[in-house]
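Undergrad: Need a 3D model of the following:
(one chain, ligands or ions: 2)
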Amino acid sequence: MKMKTLLVMFIGVFAIPESVTAHQCGRGWASFENNCYYFSTSTMNFKDAMISCYNRGSSLLVIRNSREDKWVDLQCRLRGYLNGVWLGFSDIQREGHMVAISDSRKPGYVNWIGGEPNNAVGKEHCAMYWTARRGWNDTQCSDRLHVVCTKK
Ligand code: MAN
Ligand code: CA
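TA: Ligands and ions are numbered 1, 2, ... in the order given. Predicted coordinates for the structure are as follows:
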């Protein structure tokens with residue numbers, strides 16, 4: 001091979017900015033708009049979901065805009081998540097004050113189903129994405145749902 005060809009190839013590899021390469025999430029992770037997502041194969045309660053994500057170096061899904069909401073909805077349908085997935089919000093500290101479990105801040109984007117969160121029978125303190133109803137609901141933290149973990 002000619003020296004010039006080699007040189008062009010060498011420069012080429014280092015000239016590709018990270019912004020135009022696929023986001024590297026690792027085996028078993030999906031990529032969407034600069035975030036990495038892990039989709040569980042089993043269901044579990046909210047606490048086990050938090051632990052599962054932490055053990056993967058990630059945290060429970062927090063949906064930040066409608067594009068992400070729709071993408072998560074698509075993934076739930078493709079994967080046959082009939083009920084839905086946990087979201088990283090809870091009002092266990094103060095009823096009616098749904099905050100992110102990571103930093104206690106109110107979500108900037110929400111997609112609550114009409115009438116939710118309703119704290120049904122006074123026992124609903126964990127947030128979920130409800131596949132069938134295409135929106136968010138508060139539910140009992142002891143419920144078993146699929147889990148989505150996210151990391152950068
Ligand atoms: C069930 C539960 C509640 C939810 C209502 C809505 O009772 O999933 O969390 O608020 O349905 O009808
Ligand atoms: Ca509810």
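
Undergrad: Roughly how far does Y38 sit from T150?
TA: Going from Y38 to T150 by Cβ to Cβ, to the nearest Å gives 8 Å. No exception for glycine: its C-beta is placed from N, CA and C like everyone else's.

Undergrad: what's the overlap in contacts for these two?
TA: When contacts are counted by Cβ atoms under 8 Å, 6 or more residues apart in numbering, Y38 and T150 are jointly contacted by 53, 58.

Undergrad: Now do the longest strand anywhere in the chain, average pLDDT.
TA: Of all the segments of type strand in the chain, defined by DSSP state E, the longest one is strand 84-90. Per-region confidence: strand 84-90 scores 98 on mean pLDDT.

Undergrad: Quick one: list the elements packing against the helix or strand following that strand.
TA: Remark: after strand 84-90, the chain's next helix or strand is strand 99-100, criterion DSSP states H and E. The elements that strand 99-100 packs onto, with contact taken as 3 or more Cβ pairs under 8 Å, 6 or more residues apart in numbering; DSSP states H and E, are strand 84-90.

Undergrad: Having no further points to raise, I will conclude here.
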